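K.L.:
Have a look; sequence and predicted model below, questions after that.
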Amino acid sequence: MMNRAPVDILRPRWNPAYFRRAQRGLALVTLALVAGAVVGRLIAGALFGGHPPALILLSVLPALGAMITLAGLAALTFWRPIARFLRRFAVVVFYAAVVGLVALVWVVALAIDRVDGLARAMPGGELTTDAIYHGLPAAIRFRVVSWLLWPLQFPIVRDLIALVGIVGFINLFAAYAIWWERKVAGRIQSRLGPMRVGGWHGWAQSPADGIKLLGKEDLIPAGADRVLFRLAPYLAFVPAVCGFVALPFGSGWVFRDLDVALVFVLALVDIEVLGVILGGWSSDNKWSLLGAMREACQLVAYEIPMGMALLVPVMMIGTLSLTRIGDAQQYGWHSWLAFQNPFAFVAMVAYFIASLASCKRAPFDLPEAESELVAGFMTEYSGFRWCVFFFAEYAAMFIVSALCVTLFLGAWYSPLPASWGTGLANGGLAARAIHGVLFSGPLWFVAKSLFLIFMQMWLRWTLPRIRIDQVLYACVQVLLPLTMLVVLGQTLWQLLVTPGSAVAVIANVLCSLAGAVLLGGFYVLMAHGLLHRRRLVGALAVDHLPGA
Amino acid sequence: MSTRRTLQSAPDLLADLDAEAMDQGKLQTEEMLINMGPQHPSTHGVLRLVLRTDGEMVLETTPHIGYLHRCAEKIGESVAPYQYVPYTDRLDYLSAMNNNHAWSLTIEKLCGIQVPERASTIRIIMAELNRIASHLVSLGTYGLDMGAFTPFLYTFREREYILDLFEAVCGARLTYSYITPGGVTDDLTEDFVDRCRAFLDYFVPKPAEYNQLLSYNHIFIERTAGVGVISPRDAIAWGLTGTCLRATGVKWDLRKCLAYDIYDRFEFEVPVGLPEGGVMPVPPGMPPVVVPAGVVVGDSWTRYALRIVEMYWSAHIVRQALDRLPAGEYRAKVPRTLKLPEAEIYFEAENPRGQLGFYVVGNGTSIPSRVKVRGPCFNNLSIVSHVCRDCLLADIPAIVGSIDIVLGEVDR
């Protein structure tokens, strides 16, 4: 039997003096902020005539700050019961946090909608806080609410909020995709993955790792090109963030609805490669250099088939705008572009394979091939910069999956025809929430993308890595001719097969069925895995021989 | 490609970079020397390979060894044979039982000690179990070398059970010192036979999982078939033994050829490398291992697959040994201080990685005047410079991993 170390050893020791000092400090700051909010309210009323910006800056913000410091004070004072609660109900807290985040995003969207409605009802000039106050439903008719809603009528404020949302989404997604991937890998490898940090399935592992990485020594090799070495991770990360700018999460849920959104996103995904190459080159490490060269090589190989495969949906709809391509797929499962004809289906598969290469995922993870190149282009990176590379990789994973979803798999629409949900969409709050879950919206978009990301993870932990010459062979000699044939086939299909004709309908039905069978097969596998997992965990708990 | 240079002229490579040619815009490529190791994820320890590369092509590979040298032979010349047993654990630390076995057999042969049959049978059980454990590590780490992480965890899961068995009999999980001159240090535990049978029942279906996940994976075959091909002639010339030799088609296994200890009483086959379409012999009731298309005799895939087949046969031997485990003493009556006669002896045994040989010269005292170890990994590694030429960089882990070295034994 194994001897387990006493749990106390694993827990950090807190110095009570620090606690008291922090408590005192937080209490003082809270008091100061509350006082500031009151005084600020008076000043704003007296000097600025209750003008909203002054009110918000001088009164609302200090009040919000006071709430935050108060929460911090409470957390410090009652950390024992809080920790106990978190440990015991971690699963509830986790899912509540997920639902809460979704709700928060929705509330912001509703608020913007409300302000828009008021502005439409009262054209000319900017809305006053009074107008907003009187336009509010009785349940939330508070002065504070009207002050908070007032800035939402200005485009720049909305853009800022959307940007914060995008960057927040990327960070949260990357952190939790890493944790998720580790859990997935654990399951595939008949182990548990992170289990300790946070109590419930190591849910706090990623934040803890992030803090650890921030605290690491920031190394730059002596022979490195210091400027490029520092620049490279951001050159990889920033394009990934920019890619989200043109990505539609739902109808109306797009930061900038570009006419050439597809080209824009693709271009940005490729700029990320530049960061990788520069990082590898500037590290003054031969392994990094080889990794960078591999990335460049791979880029040349996968880029063309990827573009060719994406031509198919573009040809079908006749636009590069992602929102319009998405809207064309609102008529239910059978209207998803991948299921229109066999060529589109093959194009989706080809794009998925090329997208694995584009985000350096196994079996195309050659630029960072651990057993060959140590860590490839990331060999010399540590701490925060390393972390940024990782975030860039996961953001790119989301973007390529989201592109696949938008172009082939019905974008933000559920398999049900959107027309069935029109009544719900125009109904009250509850009806709209149900509509968001059942018919269309960002939830569907994210869920579908996560499904494809899960596929990427599944492949990564199953397949060995292929060799560089095999990458070139697979991309240039197999995928490229294949996608060319697909584009040719799609052209002929559009020329010869009239929409609505018997051939088109039969092809559509068969492809839709094939897609349904594939998805059904996945669910069967998943169910099998879940059943199998119970047995597995039971077997692991016994640390002795089977039958012994 | 520029002309070939020797490794010694490496600094010159930079010196004679033709600046003028660069100015004129002529593209000039240059060879690059890369140190792979001693700290590298896939050199299986502290092996250092100096690669002369042209882009992704490796033109020449020079192994440098000695980072783990611990004077194993010299220690053998300063301690008594019993005391040397723990040092043999640390040669090839993945197959400590086999090392103990080879050392004990050498000393017994030198001193003319007769080992009781129970002891011999226990030793064979341990040696074969350890062969399975060692091959499991080899398969798993080879998966890692190929970028497949998952099989590694699977093989280690199974190996854990073997280590549990070893822990039950001798208390150690890696360096056992269980087999000593004269027998074994302690008798089997009461439930050992049942537990061992339970393990075998559990284990035998498992290699099918590795086959599904790795051996017959298309990418894996593409990466290993026809890579690092060694001809039988080269294999014998470079002194290769074990799986590396048998993969070239040479049917040479000391358990069969020398039938040392009591291996002649067990039924087993010696699998060798076969061309594509060949069916490797497996014990009755086990799934056949068919050589897939593209595989060449003596390549990396063959070396890898032979280990799976050998695990089957080892399990088969263990089962037979459990069936015929006789009652009796677990050790011969041997004096505590063993006087070595004035004679010399050289003995080799079949370890998981090849033939482990001990050369011992006795001088009438209890301490030998000469101990020489012939490590299989050392010889197997020597062919790396011959095979890893004009291949891709990614082939280096594929070849080195399939040769399966343990640096503890290479450097001794």
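P.N.:
On my side now, so go ahead. Numbering: from 1, shown residues only, chains lettered A, B, ... in the order given.
K.L.:
For the closest residue to chain A within chain B, give me its contacts.
P.N.:
Nearest residue of chain B to chain A, counting by C-beta to the nearest C-beta: B:G147, 2.8 Å away. Every residue, glycine included, has its C-beta placed from N, CA and C. With contacts defined as C-beta atoms under 8 Å, 6 or more residues apart in numbering or on different chains, B:G147 is in contact with A:A362, A:P363, A:D365, A:A369, A:E370, A:S371, A:L463, A:P464, A:R465.
K.L.:
One more: A:F389?
P.N.:
A:P233, A:A236, A:F237, A:G275, A:V276, A:G279, A:M378, A:Y381.
K.L.:
Next, count neighbours for the second one.
P.N.:
By other C-beta atoms under 10 Å in any protein chain shown, 28 other residues sit near A:A236.
K.L.:
what do you get for the fourth one?
P.N.:
Taking other C-beta under 10 Å as the neighbour definition, A:G275 ends up with a count of 25.
K.L.:
Which neighbouring elements make contact with the helix or strand hosting A:I271?
P.N.:
Per DSSP states H and E, A:I271 falls inside helix A:261-282. Applying 3 or more C-beta pairs under 8 Å, 6 or more residues apart in numbering or on different chains; DSSP states H and E, one finds that helix A:261-282 contacts helix A:226-243, helix A:286-317, helix A:322-327, helix A:383-408.
K.L.:
What mean pLDDT does the last one get?
P.N.:
Helix A:383-408 shows a mean pLDDT of 90.
K.L.:
Please pull up the helix or strand immediately following that helix.
P.N.:
Following helix A:383-408 toward the C-terminus (DSSP H and E): helix A:422-425.
K.L.:
Buried residues, that following helix. List them.
P.N.:
A:L424, A:A425 (16 or more other C-beta atoms under 10 Å in any protein chain shown).
K.L.:
so which strand or helix has whichever residue of the stretch 401-548 of chain A sits closest to chain B?
P.N.:
Scanning the stretch 401-548 of chain A for proximity to chain B using C-beta to the nearest C-beta identifies A:R465 as nearest, at 2.8 Å. Assessed by DSSP H and E, A:R465 sits outside every helix and strand.
K.L.:
Show me which residues of chain A sit near chain B.
P.N.:
A:185, A:188-191, A:286-287, A:290, A:293-294, A:362-363, A:365-366, A:369-374, A:461-470, A:544-548 (C-beta under 8 Å from any C-beta of the partner chain).
K.L.:
If we use 7 Å, what do you get?
P.N.:
Within chain A, the positions near chain B by C-beta under 7 Å from any C-beta of the partner chain are A:188-191, A:286, A:290, A:362-363, A:365, A:369-372, A:374, A:461-470, A:544-548.
K.L.:
Go through these and flag which are in helices.
P.N.:
Members of those lying in helices (criterion: DSSP state H): A:I188, A:K286, A:L290, A:E370, A:S371, A:E372, A:I468, A:D469, A:Q470.
K.L.:
Which pair in those has the greatest spatial separation?
P.N.:
Of all pairs drawn from these, the greatest distance, 32.9 Å, lies between A:I188 and A:K286 (C-beta to C-beta).
K.L.:
Let's see the pLDDT reported for whichever residue of the stretch 101-250 of chain A sits closest to chain B.
P.N.:
Residue of the stretch 101-250 of chain A nearest chain B, by C-beta to the nearest C-beta: A:Q189 (3.8 Å). At A:Q189, the pLDDT value in this model is 83.
K.L.:
ok, now A:V245?
P.N.:
As predicted, A:V245 sits at a pLDDT of 88.
K.L.:
Which residue is the nearest non-sequential neighbour of it?
P.N.:
Spatial nearest neighbour of A:V245, chain neighbours left out: A:F255 (4.8 Å); criterion: C-beta to C-beta, 6 or more residues apart in numbering or on different chains.
K.L.:
Between the contacts of A:F389, identify the one with the most neighbours.
P.N.:
Among the contacts of A:F389, A:G279 has the most neighbours (other C-beta under 10 Å), with 32 neighbours.
K.L.:
That one reaches A:F377, doesn't it?
P.N.:
Yes. The criterion here is C-beta atoms under 7 Å, and A:G279 meets it with A:F377 at 4.9 Å.
K.L.:
hang on, the earlier thing: now flag whichever of the contacts of A:F389 is closest to A:P417.
P.N.:
Using C-beta to C-beta, A:F237 comes nearest to A:P417 of those, at 38.8 Å.
K.L.:
any idea which helix or strand of chain B has the worst average confidence?
P.N.:
When the helices and strands of chain B are scored by mean pLDDT, DSSP states H and E, helix B:10-15 comes last with a mean of 44.
K.L.:
Show the buried residues in the residues of chain A next to chain B.
P.N.:
For those, a neighbour count by 16+ other C-beta under 10 Å gives the buried set as A:188-190, A:286, A:290, A:362-363, A:365, A:369-372, A:374, A:461-468, A:470, A:545.
K.L.:
Tabulate the contacts of B:G147 (JSON lines), appending pLDDT.
P.N.:
Shown next, in JSON lines, are the contacts of B:G147 (pLDDT from 0 to 100):
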{"residue": "A:A362", "pLDDT": "79"}
{"residue": "A:P363", "pLDDT": "86"}
{"residue": "A:D365", "pLDDT": "86"}
{"residue": "A:A369", "pLDDT": "75"}
{"residue": "A:E370", "pLDDT": "73"}
{"residue": "A:S371", "pLDDT": "75"}
{"residue": "A:L463", "pLDDT": "89"}
{"residue": "A:P464", "pLDDT": "90"}
{"residue": "A:R465", "pLDDT": "89"}
